[in-house]
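>>> Quick one, what's the 3D model for this:
(one chain, ligands or ions: 2)
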Amino acid sequence: MQPILEIEHMSIHFTQYAKGTRRRELPVIKDLSLQIAPGQVVAVVGASGSGKSLLAHGILHILPRNSHMEGRILYDGSELTDKRAAKLRGREIVLVPQGVTYLDPLMKVGDQVRGEDAAPDAAQRARKALTRYGLAPETEELYPFELSGGMARRVLIATAVTHEPRLIIADEPTPGLDAKAAARILGHFRELAEGGAGVLLITHDLELALTIADQVAVFYAGQTIEVASAADFADPANLRHPFTRALWRAMPEHGFQPIEGAQPYPGTLAAGCPFAGQCDRSTPQCREAADLPLRSWQGGMVRCLNPRREE
Ligand SMILES: Nc1ncnc2c1ncn2[C@@H]1O[C@H](COP(=O)(O)OP(=O)(O)OP(=O)(O)O)[C@@H](O)[C@H]1O
Ligand code: NI
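Numbers count the residues shown, from 1 in each chain. Ligands and ions are numbered 1, 2, ... in the order given. Predicted coordinates:
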């Protein structure tokens, strides 16, 4: 089947000016490839600062001005250019943004959810979307400052899904919601996928991701280090990268073992595998290896010199 979204070797860097005129390039995403088929939920899981939101903004072509993106993004088989992204954004391709500050503070909720939709049934559809997420019709008359955090989040999701999108990019869609509301929203993303949409679910929460994802792309320091099927997480022996196994062990149901050390900040990235400093399997070669490729390995993908099943 034709993927709805294909990302090939995406890299994103920021240009920063330090002390007067000294310029430096800060690489934040490196060689990222990812595919989503219609009907599929792909989760991107990674720690804070690993580049998840930038990936979302890169796909939508809404990156900040001081950034630069390389690589290719194909939507429905043809290149997603700036112009095409601008046309599809908010319609076929929607973002559920991470921050509720994306709501227009001067616009009533009803108008935000309707957007530029001029169809005769636009108001009715907006109301239906709000009701679906447990918001009363009166909410339409409120301004964003009158909403609680959880309500604002529901408004963002309602806004995104009112127009029958074909690709949904949800960036940490559930914080501030109780478990029941979060499950309902994820269930709805699943339904949209059953209806043929592609869903990219961005989250730091592996447990949450596994409740609806078909595939999980694990992010570390701006790179995909593993692509696994959700089913692989049933047994850590199926997982390919030491970081993915560490994430598995950090899940509450698997003993909550903390991952020692920290992910390197993009500005301090040295040569070698970025995870080498925290890896229980790293060798001197790992610290020197430059630009490890993401390669196929036992039914998934991995970026590691020494991927191995646990004995
Ligand atoms: N405008 C910017 N200028 C410079 N660096 C930036 C900018 N925006 C993000 N970064 C850097 O890019 C990296 C990735 O940021 P990003 O927001 O994508 O992380 P994330 O994975 O979404 O994190 P979180 O889980 O906290 O939302 C971070 O190290 C961040 O400091
Ligand atoms: Ni983010």
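
>>> tell me, which helix in this structure spans the most residues?
The longest helix of the chain (DSSP state H) is helix 179-194.

>>> Go ahead and name everything in contact with that one.
39-41, 132-134, 150, 154, 157, 161, 165, 168, 170, 173-174, 177, 199, 201, 208, 211-212 (C-beta atoms under 8 Å, 6 or more residues apart in numbering). To be clear about C-beta, it is placed using only N, CA and C from the backbone, and glycine gets the same treatment.

>>> Return the set of buried residues in it.
Applying a neighbour-count criterion of 16 or more other C-beta atoms under 10 Å, the buried positions in helix 179-194 are 181-182, 184-186, 188-190, 192-193.

>>> Put together a markdown table for those residues, with pLDDT on each row.
Below are the buried residues of helix 179-194 laid out as a markdown table (pLDDT from 0 to 100):
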| residue | pLDDT |
| --- | --- |
| Ala181 | 84 |
| Ala182 | 88 |
| Arg184 | 86 |
| Ile185 | 87 |
| Leu186 | 92 |
| His188 | 88 |
| Phe189 | 92 |
| Arg190 | 94 |
| Leu192 | 91 |
| Ala193 | 95 |
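
>>> so what's the backbone phi/psi at Gly198?
Phi and psi for Gly198, reported as degrees, to the nearest 10, are phi -100, psi 140.

>>> before we move on, back to that, just checking, which of the contacts of helix 179-194 belong to helices?
132, 150, 154, 157, 161, 208, 211-212.

>>> tell me which of those is nearest to ligand 1?
Leu208 (12.9 Å; C-beta to the nearest ligand atom).

>>> can you give me phi and psi for the residue of the stretch 101-250 of the chain at minimum distance from ligand 1?
Closest residue of the stretch 101-250 of the chain to ligand 1, C-beta to the nearest ligand atom: His204 (5.1 Å). Main-chain dihedrals, His204, degrees, to the nearest 10: phi -90, psi 0.

>>> tell me which parts of the stretch 1-150 of the chain are close to ligand 2?
Neighbours of ligand 2 within the stretch 1-150 of the chain, by C-beta under 5 Å from the ion: 52-53, 98.

>>> out of the residues you listed, which touch ligand 1?
52-53, 98 (C-beta under 6 Å from any ligand atom).

>>> Report the lowest-confidence entry in the residues you listed.
Across these, the bottom pLDDT score, 88, is held by Gln98.

>>> low-scoring stretches of the stretch 151-300 of the chain, by residue?
Applying pLDDT under 70 to the stretch 151-300 of the chain flags no residue at all.

>>> so where do the helices sit in the chain?
Counting by DSSP H, the helices of the chain are 52-60, 82-88, 109-114, 122-132, 149-161, 179-194, 206-212, 242-249, 284-288.

>>> TSV for those helices, including distance to Gln2?
TSV is the format used below for those (distance: least, C-beta to C-beta, whole Å):
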stretch	distance to Gln2
helix 52-60	17
helix 82-88	16
helix 109-114	31
helix 122-132	28
helix 149-161	23
helix 179-194	16
helix 206-212	23
helix 242-249	28
helix 284-288	37
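
>>> and Phe275, which of the ones you listed is closest to it?
helix 242-249 (5.1 Å; C-beta to C-beta).

>>> List the residues that contact the residue nearest to Pro97 when sequence neighbours are not counted.
For Pro97, ignoring the flanking residues on the chain, the nearest one in space by C-beta to C-beta, 6 or more residues apart in numbering is Asp171 at 5.8 Å. Contacts for Asp171 were tallied using C-beta under 8 Å, 6+ apart; they are 52-53, 56, 95-98, 202.
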